[in-house]
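> what would the 3D arrangement of this be:
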Amino acid sequence: MYGGYVGKLWNVLEQKLGFRTEYRVVAPDVGTGTENNGSWNGVVGMVVRGEVDVALELYSMTSKRLAVVDFSSAVYYDRFYMFVRRLDGREVGWKGLVAPFDWRMWMLLVFLAVVTFTYLCFARLVGRSFDVITPSEALLHSPVYIACCIFGILFCSQGHATAPRCVSWRAVLIGAHVAGVVLAAAYSGRLVASITVRYHRLPFASLEGLLATDYRLGVKKDSAEYNVLQHADGGPMRQAFATRVSHDARSHPVTDLEGLRRLCSDARYAFVTAAKLARHAATRLNCSVAQVPEPFMQGDGHLALAPGRPYARVLDHYLRRLRGSGVMQKLFADAFRSPASHTEPTPSPVDLPSAAAAFQCLAAGAAAAAALLGLELALALRRPRGRAAPRRPRRHVVDLTPFHTSRDFLPRRSKRSPASSPGPRTSRVLPFLPGGYAVQRSGGGSGNTALPHVGLEDVPSKEEYL
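Residues are numbered from 1 along each chain as shown. Here you go, the predicted model:
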């Protein structure tokens, strides 16, 4: 019994035709076989020399091989693709912060911010002219304050403490808040997904894309893929053979599994093989490989037969029957079925490079704040240190009604002549206000005259009164 897809297919032929087979196992490094000065080596050379009758391996037809051996009908159909090692596609750094939105979305955000800022400044000017916005509101909502509010609303989804009583102003702010909440949710979701979810990107998508990079192209030793590249008339295949494929046959992998394993050790290496074979061999690799979308070539596999054997037509007849009945397809599916994985997918932790952009923003903000602080201190030191300008007195209205006059608060009586003073008058000083004394006077015979509200700037100090 011989294993693998070809071996199982040959076992079915043994049962159908009733013959027995003597197997000769060759070393893996023997290779398929190439022509050197008219003589063939490898497995094809063994068939040419008559050492074996059939080579139980999948071979592609080439003009040189057809000249020395016979081939059975096709027992395998597949497309050949280039395979590369998967690369981590997460965006890190400053590019990762901008990646959630494309450039058109960012331009729309800037346009909305400019339009909103222009309208609010215009509404502030017009509202102040028609007394819709009070002077205190206009003074508080300066253009700088408006710009900060718009940035906080559209880009940070933040509000502000005050707003003028203008209805149109508040309507614009409500619309900006709604747009800011939606945009912040969309941006946050896309940013979190780009940081936490690992998706993979391809370095190129075609053979022309490979030629634009520094990747090397690998093919199996003595394979049809190498023959196609070698005899290409021109175009990308000819250029790839001249610049990307090694011409030293000893450096080519002998098997498809060996070529795929080179992808794990060399990140700048691409290997050409059949898609079904690569998917089956991927379970035995210690890295993850990706298939380039563009097909490299269409291929099929045949059995190599010794030329002139009478049983060749009989084998072709039964191979066609096995293909038509679906037996060949079932054997292929059983041979190349990937083992099921019962392991649960583990979440990928967020590493430091993925979150580096957030820390960079924090460091940039701290550096900008420190620079602005230094600028403010420098400007403050350049100002002339003269006598400070007098402060404008603050007006406080005080009710003096609850206070009663008392002899304890009386200062010395002013000496006035009877002519100048029609009646007895007393001056009473109430020392209850900081920085000054309130004065309450009473006229003779008419009772006390209370001053219900007195401003501090109208009240003399104690020294000035005495």
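> longest helix of this structure, counting residues only.
Determined from DSSP state H, the single longest helix within the chain is helix 167-196.
> residues of that one that come out buried?
Under the neighbour-count criterion of 16 or more other CB atoms under 10 Å, helix 167-196 has 169, 172-173, 176, 179-180, 183-184, 187, 191, 194-195 buried. The C-beta positions use only the backbone N, C-alpha and C, and glycine is treated the same way.
> which one of those is nearest Arg238?
Ser194 (40.0 Å; CB to CB).
> show the pLDDT at the closest one.
Ser194 is assigned 71 on the pLDDT scale.
> pretty sure it sits against Pro100.
Yes. Judged on CB atoms under 8 Å, Ser194 makes contact with Pro100 at a distance of 6.6 Å.
> all helices of the stretch 251-400 of the chain, in order?
For the stretch 251-400 of the chain, helices defined by DSSP state H, counting those that start in this stretch occupy the ranges 256-265, 275-281, 312-325, 327-335, 356-382.
> how big is the angle separating the fourth one from helix 312-325?
Yep, that's helix 327-335 we're talking about. 70 degrees (axes from the mean of the first three to the mean of the last three CA atoms, to 10 degrees).
> of all the helices of the stretch 251-400 of the chain, which one is nearest Ala55?
helix 312-325 (12.7 Å).
> which elements pack onto that closest one?
Applying 3 or more CB pairs under 8 Å, 6 or more residues apart in numbering; DSSP states H and E, we find helix 312-325 packed against helix 4-17, strand 297-305, helix 327-335.
> can I get the second one in CSV, CA atoms only?
So the one you mean is strand 297-305. Extracted in CSV, the C-alpha atoms of strand 297-305 (Å, rounded to 0.1, in the frame of the first residue of the first chain):
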residue,chain,number,x,y,z
MET,A,297,-0.6,29.8,-13.8
GLN,A,298,-3.0,27.0,-14.5
GLY,A,299,-1.6,23.6,-13.8
ASP,A,300,-2.5,19.9,-13.9
GLY,A,301,-0.8,16.7,-12.7
HIS,A,302,-0.1,13.5,-14.6
LEU,A,303,1.6,10.2,-14.0
ALA,A,304,4.9,9.7,-15.9
LEU,A,305,5.0,6.4,-17.8
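> paired strands for it, with orientation please.
Sheet pairing of strand 297-305 (DSSP bridges) gives strand 54-59 (antiparallel), strand 70-71 (antiparallel), strand 76-85 (antiparallel).
> export the helices and strands packed on helix 312-325 to TSV and tack on distance to Tyr226 and mean neighbour count?
Listed next are those as TSV, based on distance: least, CB to CB, whole Å; neighbours: other CB atoms under 10 Å:
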stretch	distance to Tyr226	mean neighbour count
helix 4-17	21	16
strand 297-305	11	20
helix 327-335	24	15
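> now those as CSV including mean pLDDT and distance to Gly374?
Formatted as CSV, the helices and strands packed on helix 312-325 follow (pLDDT from 0 to 100; distance: least, CB to CB, whole Å):
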stretch, mean pLDDT, distance to Gly374
helix 4-17, 87, 74
strand 297-305, 86, 66
helix 327-335, 84, 72
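> dump the ones you listed into CSV; add distance to Met107 as well.
What follows is the helices and strands packed on helix 312-325, written out as CSV (distance: least, CB to CB, whole Å):
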stretch, distance to Met107
helix 4-17, 56
strand 297-305, 44
helix 327-335, 52
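> compute the distance between the closest residue to Lys64 other than its chain neighbours and Phe241, please.
Once flanking residues are discounted, Lys64 sits nearest to Glu35: 5.7 Å by CB to CB, 6 or more residues apart in numbering. As judged by CB to CB, to the nearest Å, Glu35 and Phe241 stand 18 Å apart.
> go on, Ser206?
16 Å.
> out of those two, which sits in the busier spot?
Phe241 (18 against 15; other CB atoms under 10 Å).
> pretty sure that one sits in a strand.
No. Using DSSP: H, G, I helix; E, B strand; the rest coil, the secondary structure at Phe241 is helix, not a strand.
> which stretches of the stretch 301-450 of the chain aren't confidently modelled?
337-355, 357, 385-450 (pLDDT under 70).
> ok, the stretch 101-250 of the chain next?
Those would be 196-200, 249, if you go by pLDDT under 70 across the stretch 101-250 of the chain.
> mind redoing it with 50?
Along the stretch 101-250 of the chain, the model assigns pLDDT under 50 to no residue.
> so which residues of it form helices?
Using DSSP H, counting those that start in this stretch, helices in the stretch 101-250 of the chain cover 103-129, 135-140, 143-156, 167-196, 207-211, 224-230, 235-243.
> those helices: which one's closest to Asn41?
Nearest to Asn41, of those and by CB to CB, is helix 224-230 at 14.9 Å.
> how near is Leu108 to Val172?
17 Å.
> no no, Gly159
Distance of Gly159 to Val172, given as CB to CB: 13 Å.
> before we move on, what about Arg104?
23 Å.
> same deal with Glu22?
Glu22 is 91 Å from Val172, by CB to CB.
> ok, Thr162 next?
15 Å.
> kindly report the same for Thr34.
In terms of CB to CB, Thr34 sits 78 Å off from Val172.
> picking up where we left off before, so which of the buried residues of helix 167-196 would you say is closest to Thr62?
The closest of these, once distances to Thr62 are taken by CB to CB, is Ser194, at 47.3 Å.
> that closest one and Asp222, how far apart?
Taken as CB to CB, the span from Ser194 to Asp222 is 45 Å.
> same check, this time on Leu183
For Leu183, the distance to Asp222 - CB to CB - is 59 Å.
> kindly report the same for Ala356.
48 Å.
> can you check Gln298 too?
20 Å.
> ok, the residue nearest to Lys64 - how many residues close by?
Glu35 has 16 neighbours, counted by other CB under 10 Å.
> kindly state the pLDDT recorded for it?
73.
> hey, C-alpha coordinates of stretch 131-139 in PDB?
Output in PDB follows, covering the C-alpha atoms of stretch 131-139 (Å, rounded to 0.1, in the frame of the first residue of the first chain):
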ATOM      1  CA  ASP A 131     -29.200  93.600  21.600                       C
ATOM      2  CA  VAL A 132     -30.000  89.900  21.100                       C
ATOM      3  CA  ILE A 133     -26.800  89.100  22.900                       C
ATOM      4  CA  THR A 134     -25.900  91.000  26.000                       C
ATOM      5  CA  PRO A 135     -22.500  92.700  26.300                       C
ATOM      6  CA  SER A 136     -21.500  90.300  29.000                       C
ATOM      7  CA  GLU A 137     -22.300  87.300  26.800                       C
ATOM      8  CA  ALA A 138     -20.400  88.800  23.900                       C
ATOM      9  CA  LEU A 139     -17.400  89.500  26.100                       C
END
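> for that stretch, buried residues please.
132-133, 137-138.
> any idea which of these is the one closest to Cys287?
Glu137 (64.7 Å).
> check contacts around that closest one.
162, 164-165 (CB atoms under 8 Å, 6 or more residues apart in numbering).
> can you list those in a markdown table and add neighbour count and distance to Gly374?
Putting those into a markdown table (neighbours: other CB atoms under 10 Å; distance: CB to CB, whole Å) gives the following:
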| residue | neighbour count | distance to Gly374 |
| --- | --- | --- |
| Thr162 | 9 | 31 |
| Pro164 | 22 | 35 |
| Arg165 | 11 | 40 |
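> alright, that wraps it up for me.
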